[in-house]
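1. Show me how the following folds:
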Amino acid sequence: MVREYFGSAYEPVEAFHDMLVAHGEERGLIGPRELDRLWTRHLLNSAAVVPFLPPSGMIVDLGSGAGLPGIVVAAMLPEAQVVLVEPMERRCIWLAEVIAKLGLTNVEVRRGRAEEFHGAFEADAVTARAVAALDKLGRWAFPLLRRDGVLVALKGRSASEEIAAATKVLRRYGATDAEVLAAGTLPGVATTTVVRATRTR
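-> Model (predicted):
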């Protein structure tokens, strides 16, 4: 079922899975308990964001870390240009190795913090997974978006509370359509909570 779900992206995503199994723990990218649930908790969780992203244009993934969701997004959306923004050098080295190993030609790594790239991008979408609460994430992400660009963040159970706490930031960028979405993948796999908000000014 996993192969069918990912379709043409399955082979690069499987290769990414194998790299994480082989090197993820030793390089401090994932915990030892995560190895047995990489598909369900991490790779499918990352894939759940894809239906809410544009199929082409520029997608910026903030705090890419091990490459979740950015590498998965790049594999599943080959027509998009994916930019992985990551401040830690060792993680940038890892991401570059993954890109080379998987043969992904639509993704690049930029080392730095999100705010260092304000004005450098006019992205169509920004993604983030386990980076920061929405009030802080919004301040980092919305300046990277073009008008009508969308922030799509993978969140946890407190997503609604985060939206309420981020009211001022959301209003500043006209993102008053912020909503919590339940994103499913395969039967038996827990749904992923996604927050989506559009920059309108």
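2. Export only the CA atoms of stretch 126-133, formatted as PDB.
-> What follows is stretch 126-133, C-alpha atoms only, in PDB (Å, rounded to 0.1, in the frame of the first residue of the first chain):
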ATOM      1  CA  VAL A 126       6.300  27.600   3.000                       C
ATOM      2  CA  THR A 127       6.300  24.300   5.000                       C
ATOM      3  CA  ALA A 128       7.500  23.500   8.500                       C
ATOM      4  CA  ARG A 129       7.400  20.500  10.800                       C
ATOM      5  CA  ALA A 130       8.100  20.800  14.500                       C
ATOM      6  CA  VAL A 131       9.900  24.100  14.100                       C
ATOM      7  CA  ALA A 132       8.100  26.600  16.400                       C
ATOM      8  CA  ALA A 133       4.800  27.700  17.700                       C
END
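3. what does it rub up against?
-> 45-46, 49, 53, 59-63, 68-70, 73, 137, 140-142, 144-145, 149-154, 162, 165-166 (CB atoms under 8 Å, 6 or more residues apart in numbering). The way it works is simple: take the backbone N, C-alpha and C, and place the C-beta from them, glycine included.
4. What strands flank the longest strand seen in the chain, and is each parallel or antiparallel?
-> Taking DSSP state E as the assignment, the strand of the chain that covers the most residues is strand 145-155. If you go by DSSP bridges, strand 145-155 pairs up with strand 123-129 (parallel), strand 192-198 (antiparallel).
5. Buried residues, it. List them.
-> Using 16 or more other CB atoms under 10 Å as the test for burial, strand 145-155 gives 145, 149-155.
6. Just the mean pLDDT for the helix or strand that that strand is followed by, thanks.
-> Using DSSP states H and E, the helix or strand that follows strand 145-155 in sequence is helix 159-165. Averaging pLDDT along helix 159-165 gives 95.
7. Helix 159-165 - contacts with which helices or strands?
-> In this structure, helix 159-165 makes packing contacts with helix 134-141, strand 179-183, strand 192-198, judged by 3 or more CB pairs under 8 Å, 6 or more residues apart in numbering; DSSP states H and E.
8. Only the buried residues of that helix, if you could.
-> Going by 16+ other CB under 10 Å, helix 159-165 has these buried residues: 159, 162-163.
9. what about the longest strand of the chain, average pLDDT?
-> 97.
10. between that strand and strand 179-183, how big is the angle?
-> Orientation note: strand 145-155 sits at an angle of 60 degrees relative to strand 179-183 (axes from the mean of the first three to the mean of the last three CA atoms, to 10 degrees).
11. Please put the alpha-carbon coordinates of the longest helix anywhere in the chain into PDB.
-> Longest helix of the chain, by residue count under DSSP state H: helix 89-102. Extracted in PDB, the C-alpha atoms of helix 89-102 (Å, rounded to 0.1, in the frame of the first residue of the first chain):
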ATOM      1  CA  GLU A  89      25.900  23.000   9.100                       C
ATOM      2  CA  ARG A  90      26.000  19.300   9.900                       C
ATOM      3  CA  ARG A  91      22.300  19.000   8.800                       C
ATOM      4  CA  CYS A  92      23.000  20.900   5.600                       C
ATOM      5  CA  ILE A  93      25.700  18.500   4.800                       C
ATOM      6  CA  TRP A  94      23.300  15.600   5.400                       C
ATOM      7  CA  LEU A  95      20.600  17.200   3.200                       C
ATOM      8  CA  ALA A  96      23.100  17.700   0.400                       C
ATOM      9  CA  GLU A  97      24.100  14.000   0.600                       C
ATOM     10  CA  VAL A  98      20.500  12.900   0.500                       C
ATOM     11  CA  ILE A  99      19.800  15.100  -2.500                       C
ATOM     12  CA  ALA A 100      22.800  13.600  -4.400                       C
ATOM     13  CA  LYS A 101      22.000  10.000  -3.400                       C
ATOM     14  CA  LEU A 102      18.400  10.300  -4.400                       C
END
